[in-house]
Every structure is written in structure tokens, then in C-alpha cells.
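1. quick one, structure for this:
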Amino acid sequence: MSSVSAAATLGMTLGAPRGRLADNVLYFVRVLRAAGLPVGPAKVIDALAAVEAVGVDNRTDFREALAAVLVSRHEHQALFEQAFDLFWRNPRLLERLLSALLPRLRAPSNEPDLPARLAQAMLPPGAPQNAPPGSEDLELDATFTFSAREVLQKKDFATMSADELADVRRMLARLKLPLPRRVVRRTRAAPRGHLVDLRATLRGMAGASGAIAPLRFRARQRRTPPLVVLCDVSGSMDRYARMLLHFLHAITNDRHRVHVLTFGTRLTNITRALRHRDVDVALARVTAAVGDWAGGTRIGTCLAEFNRRWSRRLLGQNAVVLLISDGLDADAGEGLAFEAERLAKSCDRLVWLNPLLRYAGFEARPAGIRALLPHVDDFLPVHNLESLRDLASALAQPPVREPLDLPGLTSA
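-> Sure thing, here's the model as predicted:
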């Protein structure tokens, strides 16, 4: 039975006055599906049966009945609550529902901001994405599409408009960061190879009854190395850090053994917050956890804390470290060279991503940059989508490990 026929059947059961309620339940489930909840036709039938069982006399019972059948994961509960309050608050608005999605939404200014994907799910395709400032009508695009325009690939994050930033966030969520698999010390059984498995060979000889037993072999396993990201969230990196958090959320949920720490005036581990699958909830937790956002920068002090508290836990098994910072240190590079050298010796590869490298006339004049550069394996820009794609290509290649020749690097 399709969801439409189920709605019609329940409408006949409830009678003509309540038949419209069945249609509204169907529309509500469609809104949840457009917002990202995994609800299909079977969920629609369950929701209609739940509404028929509890009735509509008590709003709390009505809400809990729908939540019981439509919410299957804990992280979807907050989105369901917001969608329920928004969808079922205005009966006169529901009477105008002639299509599968709401055409327009009234949002009083004293209400909290809604997740963008929920606001998009409430409106039909073709509506403007942003309402003008001061407008009472909130018109948002309901389709989950992303711009493939070439201009967004090369445009700097700091110069993008609000609409372009929304498009880029969706593209960042789809980016992958493939790391080459490295040979590790662990081995596995193999049909042939250079390592003879003596234990398996002797076991085979014991059961061969005097016959010649073939040699058994083992081969070394290959495994993706751990990835550790140290992201600068100081004032000069604010715009870039906010965009890169969407990228870091994607790669954190794409694979295991990814650790993300932020630093400004102190070090904060946000790996657990980014593990949440819902990007809105994850970024809200990061915002609550990081207390030095858009403040000063003490790179040397933060690297010293990382080397003392975290390096032995996270930098084993040929770990790759991504250092995202502009290198502008409030301490003028004091102690930074020593800590950077220690960090480089503790990991297999140290990659520095610097948004200032986008300038053709970049010179290594600041003391922090001069202290860091001699110890990094790769020095790459990170200011747009194209640079992030280049990062994936660079990590697939072995490090160059050659001295960098930049203006100002050898100067006193």
C-alpha cells in the first residue's frame, strides 16, 4: 500500500473532518525525509496508525506517537522536535496545503534560528534561498543541490557571499581525503610471499603423516595511517576555520582514527564532538567546547602542550599531521622551532596548510612562519575548494622533503 492510499484509507476511517489530518501527516513525513531523516512509505503507514490509535485530543500524545515511529536515531530527535513545532503550530496554514511541501513560512523574529536544511525542506523548489533583511517571509530553496560552478572552486572563502558559502558547505560535506595505505608490522596469511609462517608450516607437517608438507607464508598488512588535524581558530583564521570545520566533520565521519584539535591560546580536542553524524549538532558542540575562538594565537605553547599530552597517544603507526594555521604567532615564534621539530620527528608526515600562501607575493617574514617552515614536509595553501582537492592529490604522493626556497626564509 502506498503512502497516498494509506492516507486516503485513514481519512475514510476518521471521517471527512479528520481526513485532511491524514494528508497533513503524509506531508509532515515528506518534510522530515527532505530534511534528512530516513523515513519511507512504511513509516508513513506506521505514523497514520499511531495517530489513529492515540487521536488528536492531546498534543503531547500526538507528538510522542509520531516521534515513536518516525525517529529511529537519537541525533534525529532535535530535528524532529523543531519540525513538529514548526509544521503543526498553524492550522490555517495546513488548510492551504495543496502540494507535498509548504509554499511559504511565517517566522516571527523572536523564535530561534532553524537549521538550514529544515527551512529548505519546508519550501518548494525555485524559492529564493535568503529573505531580505527585515522581511517577515522566510523563503528558502527546498532542493538539496550544490553548485558546480567553476568560480566556486577557485574563489576564496573569505570573499564569498552567504549563498555561495551555503553551496560550498554542501560541497565540503562530499569531499574525501584519501590517504595511501602503508605497510605495517602486522602480518596475515598469504598464498605466497617472502615471510615463511613457521607455526603454520609445522602444524601442517604434523598432520602430513610423513609426506612433504608445503611451506606456509605470511604477508605484511597495509593500513591507512592515522590522521591528526591541528586547526588554528584565532581571529585571523576565523573565516577559514568555520568553513574547514565542515570539511573536518566529513573526514572525521568518513573513517576511523581521525583526531581533530583546535588551538588559539590553548589546545582543545574536538574529535568527540565532530563524531556526531548530524553536522548541525556537531558544530554546535564544537562551539560550546572551544572557548578561545577568534582570540589570540600562541602556536608554540599549544604545540608544546600537544607534544606533552597527546603525541604519544595519537602519532603512532606513521601518523600524518595537518597543521592548519597562518603562522602569525603572538609570541613571535618563541620556542616554536623546538616544538615544531619535535612534532615533525614524532609523525611520519607534517603538512602545513596556510591560507596566506594564496598570495603570489608571499614572503616568510613573520617569526612564526620562519620557525615552522624548516620542519614541514609539505607547505600548501588552503583557502578554497580547489586547494582542498589539491591537498588530496598531494597526500597521495610521497613527500618531497626538500628545503623550501621562499623570500624571507633565510633572512635574519
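2. please enumerate the helices of the stretch 251-400 of the chain.
-> Assigned by DSSP state H, counting those that start in this stretch, the stretch 251-400 of the chain shows helices spanning 271-274, 279-289, 299-309, 311-314, 336-346, 367-372, 385-395.
3. pick the most buried one from the ones you listed.
-> The highest mean neighbour count among these, using mean count of other CB atoms under 10 Å, belongs to helix 367-372: a mean of 23. C-beta: built from backbone N, CA, C; applies to glycine.
4. count of neighbours near residue 53?
-> Using other CB atoms under 10 Å, residue 53 is surrounded by 9 other residues.
5. do the same with residue 161
-> Look at residue 161: counted by other CB under 10 Å, it has 10 neighbours.
6. for residue 71, same thing?
-> Residue 71: 19 neighbours (other CB under 10 Å).
7. my guess is it contacts residue 83. True?
-> No. With contact defined as CB atoms under 8 Å, residue 71 does not count as touching residue 83 (10.5 Å).
8. so which of the helices of the stretch 251-400 of the chain is nearest residue 63?
-> helix 279-289 (20.2 Å; CB to CB).
9. need the longest strand for this protein.
-> Looking across the chain with DSSP state E, the single longest strand is strand 182-190.
10. helices and strands around that strand, which ones?
-> strand 217-223 (3 or more CB pairs under 8 Å, 6 or more residues apart in numbering; DSSP states H and E).
11. how about the strand it packs on: buried residues?
-> 217-220 (16 or more other CB atoms under 10 Å).
12. ok so, going back, now for the helices of the stretch 251-400 of the chain, which one comes closest to residue 182?
-> Distance to residue 182, taken as CB to CB, is lowest for helix 385-395 among those, at 11.9 Å.
13. residues contacting the closest one, please?
-> With contacts defined as CB atoms under 8 Å, 6 or more residues apart in numbering, helix 385-395 is touched by 152-154, 168, 171-172, 175-180, 247, 320, 351, 353, 358, 378, 380-382.
14. give me the below-cutoff pLDDT ranges for the stretch 201-350 of the chain.
-> The model of the stretch 201-350 of the chain has no residue with pLDDT under 70.
15. 80 instead, please
-> 207-210 (pLDDT under 80).
16. returning to what we had before: select only the buried ones of the contacts of helix 385-395 in ChimeraX?
-> Selection command for ChimeraX covering only the buried members of those, criterion 16+ other CB under 10 Å:
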select :152,153,168,171,172,175,177,179,247,320,351,353,378,380,381,382
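17. okay, which residue is most central for the chain?
-> In the chain, the residue lying closest to the centroid (CA atoms, centre = their mean) is residue 249, at 2.0 Å.
18. find the helix or strand that that residue is a member of.
-> Assigned by DSSP states H and E, residue 249 belongs to helix 238-254.
19. show me the domain layout of this protein.
-> The chain breaks down into these domains under automatic domain parsing: 3-138, 182-223, 227-395.
20. could I get the ones you listed as JSON lines with distance to residue 161?
-> As requested, the domains of the chain are exported to JSON lines (distance: least, CB to CB, whole Å):
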{"stretch": "domain 3-138", "distance to residue 161": "9"}
{"stretch": "domain 182-223", "distance to residue 161": "42"}
{"stretch": "domain 227-395", "distance to residue 161": "13"}
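21. can you point me to the longest helix in the protein?
-> Counting by DSSP state H, the longest helix found in the chain is helix 16-35.
22. residues in contact with the residue nearest to residue 309 when sequence neighbours are not counted?
-> Once flanking residues are discounted, residue 309 sits nearest to residue 267: 7.8 Å by CB to CB, 6 or more residues apart in numbering. For residue 267, the contact set (CB under 8 Å, 6+ apart) comprises 261, 302, 305-306, 309-310.
23. 6 Å instead, please
-> 261, 302, 305-306 (CB atoms under 6 Å, 6 or more residues apart in numbering).
24. what residues sit buried inside the helix holding residue 249?
-> Within helix 238-254, the residues scored as buried using 16+ other CB under 10 Å are 239-253.
25. cool, and stretch 40-49?
-> Quick answer for stretch 40-49 (16+ other CB under 10 Å): 43-48.
26. can you dump the C-alpha coordinates of that stretch into PDB?
-> C-alpha atoms of stretch 40-49 as PDB (Å, rounded to 0.1, in the frame of the first residue of the first chain):
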ATOM      1  CA  GLY A  40      10.000   5.900   3.900                       C
ATOM      2  CA  PRO A  41       6.500   4.800   2.900                       C
ATOM      3  CA  ALA A  42       6.400   2.200   5.700                       C
ATOM      4  CA  LYS A  43       7.000   4.900   8.200                       C
ATOM      5  CA  VAL A  44       4.000   6.900   6.800                       C
ATOM      6  CA  ILE A  45       1.700   3.900   7.300                       C
ATOM      7  CA  ASP A  46       3.100   3.400  10.900                       C
ATOM      8  CA  ALA A  47       2.600   7.200  11.600                       C
ATOM      9  CA  LEU A  48      -1.000   7.100  10.400                       C
ATOM     10  CA  ALA A  49      -1.700   4.000  12.500                       C
END
